[in-house]
Structures are given as C-alpha cells and as structure tokens.
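# sequence-free structure coming up:
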C-alpha cells in the first residue's frame, strides 16, 4: 500500500486576501515557467580583455575574494555558479516560509543544480535551432510577475534581493521556459497526430463513465535510471516530507518535476483513473482531496501525486456553486493572550447569532466593531475544504461558525446568495484532442531532454 498523507490546510484571514495569498505562495515560483535559472558570464567581457591585452584565463595569486563567483558546473562551455544555485534555492526556501532544515537544504542544492543543467541544455538546444527569446518579451513576463505581487518591477527587484535571490534568476527561468516551449512546437508538435477516432473513443468512454469519480491531479515526475533509482526515491520521500510540513506542492513541482506540467505547478487537470498510468490510477482511486501519495515507481522514473480536487464525471457538482458572501471580522490587539482571544471570540459568536440575514450584517458589525467585507462570485470549490463542507449545508442568511487565529483574528462568513451550477457537459472534441496531443508532446520532450543529457559535456567543480 502506498503511503498517503493529508497536506495541511490553513484558514485564510479574508476571502479576497486569502485567495491572493494562496496565489502568491505558488506564484513566487510559478511565473508561468518551468525549470531553474543559470546565470552566465557576459560575453561583453571579451571586448575589454582584447582592449587591455589580458589573458582569457586569469589566475589570482594571494587571498581570494569571497565575493568571486566560482563555477559549480560547466555545461557545454556555459558556466553555472554557486550564486546561481543560491539564488534559486532562496526562492524555494521563501516559498516554504523559510522553514527548511539544513540537511534538506543541501539535498535541494543538489536537485537545483540538476535542474539548472537541464535548463541550460534546453536553452542551448533552442539556440542551436535558431530560437532566441527577445529580452523585451522576458521583461514583459517579469513585469507581470511583479504585478501579481502588486509591486512595480523595481520594488520586486528589491524584494527578491531581500530574500537572497535576484531578478536575473527569474528572468533566466522565463527565458528557459519560453525557449524550450518554442523548440517543442517546432521539433515535436508537428509530428504528433491524434485521430478523430481516438477523440471519439474518449468521448464514448466519458459518457459511459458518467457519475463516476474524476480527480484533479497534481504530479511531480522525477526521471530515474537503475543506477540512481534509490537516490531518486530518497529525494522523492524528502519532497513528500517537506510538503507534509507545509511546503507548496506547486512550488516543488515547478522546480523539480521533469514533466511539461511543471510550468503549471504539476497540474494535470481533470482526469479519471482510467486516463492515468495504471500505477497512478491505483493510488488515486483511494485518495481524498488534500492527500499526497508516493513515491510511485512508473516507467522511466517515479511520481508523486496530489489530489487537488474531486468530482463526478458529467454530473453537476454543488461545489461549483457561486456564492455571494458577507465577511465579518474582528482583529485581536497585539499581545492578546489565548484566554483573552477565546473570550472575545465567544462574545463575537454571540453577536453573530443575533444576525437575521445579510440585511443586518452591517448594523451588527458596526455595533461590535467588526469589519464587514462583501465577496461576490466566490466559487465554493476555491475555498478551504473545511469551509466548503460547512457552506454546502448553509441556507441563504445563515453564517458559518467563527474561525481564525490569534494572529488573524476571528471572523464568520454569511451566505447572501447562491447560484447553483448548470448540468455538466462533456469536454468538446477540440479540448480532448489538445489534451491527448499535450500528453504525447510531453512524453517526446522527456526523451528529447534525456538525449541532450547523454550528449552533453559537463564538468563539475
């Protein structure tokens, strides 16, 4: 039996800020890209060397400067430095709240180096095929990332530096993903074909499976060979441990998964067990939302899978309802003890019981000094699982029990309206064809990268 564990779920302060917080925790490493960065020596230095008649290889005699960037690996002549690794590692640690044990940090450094090497190979192969990414396009993507944090690019630069990373690290990551994606579109996608009969077969199976379980799965795929399989299995177990302790599955998927879905945090989308490899299907069948399983040995490597959501095939799901909510919240003064917070929460709960529908929420909120926030068009499915279960059983005008913490204060949600979902329909043929094509492109891309590794000249220091 594969180990299956539940990942921790946090209550959020307010619906709007919570959704943003959940997004940012993954967006820090997301930026819509895959892989890790590798900064390189500026070619412009050759000009200065020629002007000053300096040798290309300079040996420094005496005490070395601790700020000198030393090569950790050289991939087909392209340098990856310890600074490159440190800056990408800093992003991972930040995404996990800064809580990474020293032993785990060293293991992550090794994995980051592997991924830096892969990204370098991808960029080099794209360049060999005359594929170059315009710096202006990279900057535009970087500005979108900064905007997700509600910061200007300059502010985001400073934030990254404060975390021990840099803008150059993320920009290199963006360049690598764009280059590799374009290479796949040129060298792989034109040779991938999906017939209409195959699409029709999927539609028929969906209709036959109506009412059965369907999962939204996240996957982290790590390639392995017979020689390094034990090490990869150990790495996979360590990743699970970090996620159990509060790490972001999406963040780990973006940095370490070798599947093309790494760019979207490992999200495979909605799938039925029959659509998964048999090993993954067996594990997913017994899992609940929020659980992670693995490592699961599959062809060519190992996988970790995370059940992000669950629903019935072609059946309307009440969790797809759109809610109109009022949120009442009271913050605790700094220094509030647990006993004082409990007393204030009890008083808050008593006041909430007097509310008769959303029409009285503002009035009661003013009396008890609570902030009142309107939240419209909130999909029930997007809320934390424990709130989903409560809200599913509430009628319009009813409120949740108080929830929160000493840090975030206490709050309740009042249901002001509910729009039930329409009957679910099967995905259209174009969507099915796109999914099948993506799966085949993903498989060929892994083989492509494997061949690049085999042909590469890599020096380690």
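Okay, I see it. The structure presented is a predicted model; accordingly, all values stated were derived computationally and were not measured. Numbers count the residues shown, from 1 in each chain.
# break down the stretch 1-150 of the chain into its strands, ranges please.
Taking DSSP state E, counting those that start in this stretch to define them, one finds strands in the stretch 1-150 of the chain at 4-6, 71-75, 78-81.
# weakest of those by average pLDDT?
Lowest mean pLDDT within the strands of the stretch 1-150 of the chain: strand 4-6, at a mean of 44.
# mind checking which helix or strand of the chain has the lowest mean pLDDT?
Least confident helix or strand of the chain, by mean pLDDT, DSSP states H and E, is helix 15-30 with a mean of 33.
# low-confidence stretches in the stretch 301-450 of the chain?
422-426 (pLDDT under 70).
# and the helices in it?
Secondary structure of the stretch 301-450 of the chain (DSSP state H, counting those that start in this stretch): helices at 338-352, 361-368, 385-392, 429-455.
# select, out of these, the one closest to residue 414.
Within the helices of the stretch 301-450 of the chain, the stretch nearest residue 414 is helix 361-368; the backing value is 5.6 Å (Cβ to Cβ). Yep, even glycine has a C-beta here, placed from its N, CA and C like the rest.
# what about the closest one, distance to the chain center?
39 Å (Cα atoms, centre = their mean, to the nearest Å).
# what angle do that helix and helix 338-352 make?
With axes from the mean of the first three to the mean of the last three Cα atoms, to 10 degrees defining the directions, helix 361-368 sits at 140 degrees from helix 338-352.
# would you mind pulling up the elements that helix 361-368 packs against?
strand 322-330, helix 338-352, strand 371-379 (3 or more Cβ pairs under 8 Å, 6 or more residues apart in numbering; DSSP states H and E).
# let's see 10 Å
Under the contact criterion of 3 or more Cβ pairs under 10 Å, 6 or more residues apart in numbering; DSSP states H and E, helix 361-368 touches strand 322-330, helix 338-352, strand 371-379, strand 409-419.
# wait, which of those is closest to residue 129?
Among these, if distance is taken as Cβ to Cβ, the winner is strand 371-379, at 41.7 Å.
# neighbouring contacts of the closest one?
14-19, 319-331, 358, 361-366, 391, 409, 411, 413-414, 416-417, 419, 421 (Cβ atoms under 10 Å, 6 or more residues apart in numbering).
# ok, now with 6 Å
Residues outside strand 371-379 that contact it (Cβ atoms under 6 Å, 6 or more residues apart in numbering): 14-15, 322-329, 361-362, 365.
# just the buried subset of the residues you listed, please.
For the contacts of strand 371-379, a neighbour count by 16 or more other Cβ atoms under 10 Å gives the buried set as 14-15, 323-329, 361, 365.
# can I get those in a markdown table with distance to residue 249?
Listed next are the buried ones among the contacts of strand 371-379 as a markdown table, based on distance: Cβ to Cβ, whole Å:
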| residue | distance to residue 249 |
| --- | --- |
| 14 | 24 |
| 15 | 22 |
| 323 | 26 |
| 324 | 30 |
| 325 | 27 |
| 326 | 32 |
| 327 | 27 |
| 328 | 32 |
| 329 | 28 |
| 361 | 36 |
| 365 | 36 |
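# which two among those are spaced furthest apart?
The span of those, defined through Cβ to Cβ, is set by 323 and 365 at 18.7 Å.
# in JSON lines, list the helices of the stretch 301-450 of the chain along with distance to residue 297.
Output for the helices of the stretch 301-450 of the chain, formatted as JSON lines (distance: least, Cβ to Cβ, whole Å):
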{"stretch": "helix 338-352", "distance to residue 297": "46"}
{"stretch": "helix 361-368", "distance to residue 297": "54"}
{"stretch": "helix 385-392", "distance to residue 297": "29"}
{"stretch": "helix 429-455", "distance to residue 297": "16"}
